[in-house]
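Enquirer: Attaching a predicted model along with its sequence, questions to come.
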Amino acid sequence: MPNENLTVKMHEDEFTIAKPKASLLKRATIFFLPVLVLVGAFFGAKAMSGFKPTPETKEEAQRTAPVLVADVQTRTTTLNIHTQGEVRPRTEINLAMQVGGKISYISPVFVEGGQFRKGDVLVRLEATDYDLRVTQAKANVAQSETVLTRELSEGEIARLDWEDLGEGEPSPLTLRVPQAAEARARLASAQAILDEAKLSQSRTVLRAPFNGRVREQTAALGEFISPAQKLGRAYAIDVAEVKLPLTDTDLSKLGIGIGFQASAANPGPAVEFSADVGGKRHTWQGRITRTNSGYDTATRVLYAYGEVKQPYTKGSDKGVPFASGLFVNASIAGRDIKDALVIPRNALRGNDKVYVATANNTLTIHTVSVISSSRKEAVIASGLQVGNKVITSPVRGVAEGMKIEIADKNTSPGVTAKKEN
């Protein structure tokens, strides 16, 4: 029995000692096995790639970009300025009467859109009250004239009597001089009252102050109006004007400044107005006659005024008047520049860059100073020379010194023509 117990204890000790060794081996196997798999896969792929054939390399010639070019031209050019504005009459007023009364007549032309000539009767008031005042004033004048005549006669009689009977110099009172002066004053007062009555009588008729058209009509037949009450609004048709905003650059191109006023020696720059009326393009000719004496504080521009004379008759375009309310484009003729460098507008890249084709078919980028530009052309002050060929077609991936090929104008720059066998 003692021997059996000893054997069992020894076996238990051996088991207790061997168990930690088996657990450590199992953990090491779990950790290193994936690493070994990855390493093996890497080296296997590396070995397999060595069996792939090496691709052949072929050097291609550098491709050139086909472009269209235009020559830099030099000529005398006019710096035109383009702006916009609304047509409005130079003269527009409210129509009112200086006296009150009942409206007895309204002219058929005194309606919105109606046309009238200077001196036409537009509105007439009942004048009975004013006629009576004139009659009464005339009677007062006649009475005052009679009094004055009597005083002058009595004064003459007193002078003759004094010469026959009196001695020395007669006094003014004896000769009725003060009485005659008073009679003259009363006559002048009566005459003034008569003139005032006649003036009020004449003001019962409203006449057109100029040739024009009716903008608004607010009076009605039979209405009783008070003095200075607005009856309508009218404008003259002798001159139409457009208020045009100009920047400092525009002023330098025009050669005019703040407070400009046209004169016989300097009639002002010519301006062409254009607008679509009835689906057709129409143009009218005018001039800049003046500019404001200061800048607009909200927009920081200086306003100029372009005028068209006789906009409904001589100044019209094929019978289409330069009518009030039209929104028009204005092209103002600026100062002339001699020997200016001119290029197509599509040759200008951004604000101040131009691509130039050199003699050895490479592209070079020039920085230019632009004086003016329009939709068709640009005027250059510096940066180019006569004889330069500027590129007008689009270019991709622009770089200084890149190879280009000047294409025929009849061929699209994006397509290379096939060579004939």
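Expert: It's in.

Enquirer: drop to CA atoms for contacts and neighbour counts, all remaining ones
Expert: Fine.

Enquirer: buried set for stretch 96-104?
Expert: Of all the residues in stretch 96-104, those buried under the rule 16 or more other C-alpha atoms under 10 Å are 96-97, 99-104.

Enquirer: Can you get me a residue count around residue 367?
Expert: Here the neighbour count serves as a burial measure; for residue 367 (other C-alpha atoms under 10 Å) it reads 15.

Enquirer: So residue 287: helix, strand or coil?
Expert: Three-state secondary structure (criterion: DSSP: H, G, I helix; E, B strand; the rest coil) places residue 287 in strand.

Enquirer: Name all residues that make contact with it.
Expert: Taking C-alpha atoms under 8 Å, 6 or more residues apart in numbering as the contact definition, residue 287 lies against 267-271, 306-308.

Enquirer: Can you add neighbour count and give those back as TSV?
Expert: What follows is those, written out as TSV (neighbours: other C-alpha atoms under 10 Å):
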residue	neighbour count
267	13
268	21
269	18
270	16
271	23
306	27
307	25
308	27
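
Enquirer: any idea which of those residues is the one closest to residue 165?
Expert: Looking at those and their distance to residue 165, the nearest is residue 267, at 80.8 Å (C-alpha to C-alpha).

Enquirer: hmm, back to that, out of the buried residues of stretch 96-104, which sit inside strands?
Expert: Judged by DSSP state E, strands contain the following of these: 96, 101-104.

Enquirer: In what element of secondary structure is the closest residue to residue 341 other than its chain neighbours found?
Expert: Leaving out its chain neighbours, the residue that sits closest to residue 341 by C-alpha to C-alpha, 6 or more residues apart in numbering is residue 74, at 4.7 Å. Remark: residue 74 resides in strand 73-89, with elements defined by DSSP states H and E.

Enquirer: With residue 380 instead?
Expert: strand 377-382.

Enquirer: what packs against that strand?
Expert: Based on contacts counted as 3 or more C-alpha pairs under 8 Å, 6 or more residues apart in numbering; DSSP states H and E, the elements that strand 377-382 packs against are strand 327-344, strand 369-373.

Enquirer: For it, buried residues please.
Expert: In terms of neighbour count (16+ other C-alpha under 10 Å), strand 377-382 has its buried residues at 378-380.

Enquirer: swap in stretch 116-127?
Expert: Neighbour-count burial for stretch 116-127, with 16+ other C-alpha under 10 Å as criterion, is recorded at 116-117, 120-127.

Enquirer: So what touches it?
Expert: Here stretch 116-127 makes contact (C-alpha under 8 Å, 6+ apart) with 101-107, 109-110, 201, 204-214.

Enquirer: Let me see the mean pLDDT of that stretch.
Expert: Regarding stretch 116-127, the rounded mean pLDDT is 96.

Enquirer: Pull the distance from that stretch to the chain's centre.
Expert: For stretch 116-127, the distance between its averaged C-alpha position and the chain's averaged C-alpha position is 38 Å (C-alpha atoms, centre = their mean, to the nearest Å).

Enquirer: the domain parsing of this structure - what is it?
Expert: As assigned by automatic domain parsing, the chain contains the domains 1-31, 66-77+338-406, 80-89+236-337, 91-121+209-235, 127-203.

Enquirer: Residue 41 is nearest to which of these?
Expert: Across those, residue 41 has its closest neighbour in domain 1-31 (16.9 Å, C-alpha to C-alpha).

Enquirer: What's the local residue count around residue 257?
Expert: Each residue near residue 257 was counted by other C-alpha under 10 Å, and the total is 16.

Enquirer: Report how many residues lie close to the residue nearest to it when sequence neighbours are not counted.
Expert: Taking C-alpha to C-alpha, 6+ apart, and ignoring the residues beside it in sequence, residue 257 has residue 251 as its nearest neighbour in space, at 6.3 Å. Using other C-alpha under 10 Å as the criterion, residue 251 is surrounded by 16 other residues.

Enquirer: can you check residue 105 too?
Expert: Other residues near residue 105 come to 16 when the count uses other C-alpha under 10 Å.

Enquirer: In the stretch 51-200 of the chain, where is pLDDT below threshold?
Expert: Within the stretch 51-200 of the chain, the stretches falling below the threshold (pLDDT under 70) are 51-63, 166-167.
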